[in-house]
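Trainee: give the three-dimensional model of this entry:
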Amino acid sequence: QVQLLESGGGLVQAGGSLRLSCAASGRTFSDYAMGWFRQAPGKEREFVATINWSGGRTYYVDSVKGRFTISRDNAKNTVYLQMNSLKPEDTAVYYCAAARVSSTAAYQYEHWGQGTQVTVSS
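Mentor: This next block holds a predicted model:
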């Protein structure tokens, strides 16, 4: 079992930046690919970014390419999401998740955090 705890959300003005962190505990962190998803009110959960176990491969949804960066520190059992040039449409609850392989599909992620709210004001 892997426990995931997100932090770093908050309220920011459009154009600003936030860095989300997701600390993992339990089984070996480096066994897992990690992903970030988000869910806005009234919308389905959406894939944002994923990173493989070593950090050597990443993939992003088109809407965040060039603005968001996913990274991981296996020594600290932590995955990050650096979010720059934030837009009001980025407002959502952001979740980190762990999977055996990198994927854009939520159903392939076995473990989920509780989420952290990101609100971008215009």
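Trainee: contact partners of stretch 23-36?
Mentor: 1-5, 7, 20, 22, 47-54, 70, 72, 74, 76-79, 81, 94-104, 109, 111 (C-beta atoms under 8 Å, 6 or more residues apart in numbering). Every C-beta, even on glycine, is put in place using the N, C-alpha and C of the backbone.
Trainee: mind listing what's buried along that stretch?
Mentor: By neighbour count on 16 or more other C-beta atoms under 10 Å, the buried set for stretch 23-36 is 23, 24, 29, 32, 33, 34, 35, 36.
Trainee: returning to what we had before: buried ones among the contacts of stretch 23-36?
Mentor: For the contacts of stretch 23-36, a burial check counting by 16+ other C-beta under 10 Å picks out 2, 4, 20, 22, 47-53, 70, 72, 74, 77-79, 81, 94-99, 102-103, 109, 111.
Trainee: doesn't residue 12 make contact with residue 117?
Mentor: No: Residue 117 is beyond contact range of residue 12, at 11.2 Å (criterion: C-beta atoms under 8 Å).
Trainee: ok, the two, which is more surrounded?
Mentor: For residue 117 and residue 12, the more surrounded residue by other C-beta atoms under 10 Å is residue 12, and the numbers stand at 17 against 12.
Trainee: surely the more buried one and residue 91 touch.
Mentor: No: using C-beta under 8 Å, residue 12 is not in contact with residue 91; the gap is 9.7 Å.
Trainee: shared neighbours, those two?
Mentor: Taking C-beta under 8 Å, 6+ apart as the contact rule, residue 12 and residue 91 both touch 118, 119, 120.
Trainee: secondary structure element holding the second one?
Mentor: What that stands for is residue 119. strand 116-121 (DSSP states H and E).
Trainee: which stretches of this structure form strands?
Mentor: 2-7, 10-13, 18-26, 33-39, 46-51, 58-60, 68-73, 78-83, 92-99, 109-112, 116-121 (DSSP state E).
Trainee: direction included, what does the second one pair against?
Mentor: In the sheet containing strand 10-13, its partner strands are strand 116-121 (parallel), by DSSP bridges.
Trainee: list the contacts of the strand it pairs with.
Mentor: 6-14, 16, 18, 20, 38, 83, 86-94.
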